[in-house]
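Peer 1: with the input below, show me the fold.
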Amino acid sequence: MNKQINTALAIAVIIIIAGTLGSIVWMSKNSQEQTTAKSQPIVKETPPQKAETKNPTSQEITPSIKTGYKVLRVSDGTTSFSFQIPEKWLTETRHSGEKQLTVEEMRDFLATNYDGNIKTNPDLTSDYADFPWDMLKKMSTNDIRKYYFRDDTDMPFPNASVAAGDHIWYTDTSWEQIDFRFQNEIVSNVVASVKKEQDDFCKKYDDPNMVGCGNDKPKWSKTIIDSNNVDVVTYSTDKDKKGNEVISKGGSGGKVFYVEIPNSNKTLIITKQAKGDTQFENDFEYLIQTLKIEK
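Peer 2: Purely as a prediction, here's the structure:
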């Protein structure tokens, strides 16, 4: 009987010890797992992101600039365009209309001379107004504004000009100059008006030998500028006694381009005053190829 009790007690003790050891092992294992879990970084899954739509930066949309050339941008405040020209070319954009000039800035514009300062040299007159400084400095505010905007003439100053030579002229023909001017009228009306003026001029004199009439009548054609169909008028050149081409005021060989401004009742008029040498003509063609209207 005592032997059976002792055996039962021994078995009970073994079960208790085994259970205790099992608990200790489980707790130890669980503690290790928790420690390991704490030591590992928590990784959260990020939901897939939508691809970001980026507008191209100015650098991405700027065309490459040809070596030895520069980009000129012209704006009248509402419409802008740009093109590339040789670095050495002269530029004039003060009359673009983008910035409102003061009366004194207008006076300085009218006093421009590329050979010197007309304010200190009384023998010089302005290349833009053909006035000496003594006359310009005495002009009233109203007179300066009137002449700057040329309110009384149908030949206003261009919004911008560039030139391959030493001067930008507004008082005489410039053989290496291109002018840019905005006209607040749709291109079809502008072209129709120019053609009518040409026809009316020749009908008035009824002389086929009149400059600009007969065989000398300007020739109309089409070209592409910035993906737009553009009307172009080309003026004839003179001939010497041997039949060689001669560039003169009466036969300049100049060209005028009438460019539509999209979504606007405006026309950009580009005037190449005269036909130049091979280099000038190539540079002008590159200007036309790179001209972009900002839409």
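
Peer 1: residue 84: which element?
Peer 2: Here residue 84, judged by DSSP states H and E, is contained in strand 80-86.

Peer 1: now that strand: buried residues?
Peer 2: 81, 82, 83, 84, 85, 86 (16 or more other Cβ atoms under 10 Å). Glycine gets a C-beta too; all of them are placed from N, C-alpha and C.

Peer 1: export those residues as CSV, with columns for distance to residue 240.
Peer 2: Compiled in CSV, those are given as follows (distance: Cβ to Cβ, whole Å):
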residue, distance to residue 240
81, 38
82, 39
83, 34
84, 35
85, 31
86, 30
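
Peer 1: which residues of the stretch 101-250 of the chain score low on pLDDT?
Peer 2: In the predicted model of the stretch 101-250 of the chain, residues 151-153 satisfy pLDDT under 70.

Peer 1: which stretches of it form strands?
Peer 2: Under the criterion DSSP state E, counting those that start in this stretch, the stretch 101-250 of the chain carries strands at the ranges 160-163, 177-183, 219-225, 228-234, 238-239, 245-246.

Peer 1: now the strand holding residue 84 against strand 219-225, angle please.
Peer 2: Angle of strand 80-86 versus strand 219-225, following axes from the mean of the first three to the mean of the last three Cα atoms, to 10 degrees, is 100 degrees.

Peer 1: do you know the pLDDT at the residue nearest the centre of the chain?
Peer 2: Residue closest to the average C-alpha location in the chain (Cα atoms, centre = their mean): residue 82, at 2.7 Å. As predicted, residue 82 sits at a pLDDT of 97.

Peer 1: surely it and residue 73 touch.
Peer 2: Yes. The pair residue 82 / residue 73 is scored as a contact, 4.2 Å apart, by Cβ atoms under 8 Å.

Peer 1: quick revisit: so what's the residue nearest to the centre of the chain bridging to?
Peer 2: Listed by DSSP bridges, the beta-bridge partners for residue 82 are residue 73, residue 292.

Peer 1: contacting residues for it?
Peer 2: 71, 72, 73, 74, 290, 291, 292, 294 (Cβ atoms under 8 Å, 6 or more residues apart in numbering).

Peer 1: buried only: go through those for me.
Peer 2: Among those, those that count as buried by neighbour count (16+ other Cβ under 10 Å) are 72, 74, 290, 291, 292.

Peer 1: how close does the third one sit to residue 284?
Peer 2: Using Cβ to Cβ, to the nearest Å, one gets 11 Å for the distance from residue 290 to residue 284.

Peer 1: picking that back up, format the contacts of residue 82 as TSV; extra columns: distance to residue 171 and pLDDT.
Peer 2: Conversion of these to TSV gives the following (distance: Cβ to Cβ, whole Å; pLDDT from 0 to 100):
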residue	distance to residue 171	pLDDT
71	29	97
72	23	97
73	27	97
74	22	97
290	30	97
291	27	97
292	31	96
294	32	88
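
Peer 1: which one of the residues you listed sits closest to residue 219?
Peer 2: Of all the contacts of residue 82, the one with the least separation from residue 219 (Cβ to Cβ) is residue 291, at 21.7 Å.

Peer 1: tell me the contacts of the residue nearest to that closest one when sequence neighbours are not counted?
Peer 2: For residue 291, the nearest residue in space outside its immediate sequence neighbours is residue 83; the separation is 4.2 Å by Cβ to Cβ, 6 or more residues apart in numbering. Each residue near residue 83 by Cβ under 8 Å, 6+ apart is listed here: 71, 72, 287, 288, 290, 291, 292.

Peer 1: which pair in those residues spans the largest distance?
Peer 2: By the measure Cβ to Cβ, 71 and 288 form the most distant pair in those, at 14.4 Å.

Peer 1: quick one, helices of the stretch 101-250 of the chain?
Peer 2: Under the criterion DSSP state H, counting those that start in this stretch, the stretch 101-250 of the chain contains helices at 103-110, 133-138, 141-149, 187-205.

Peer 1: no further queries at this time; thank you.
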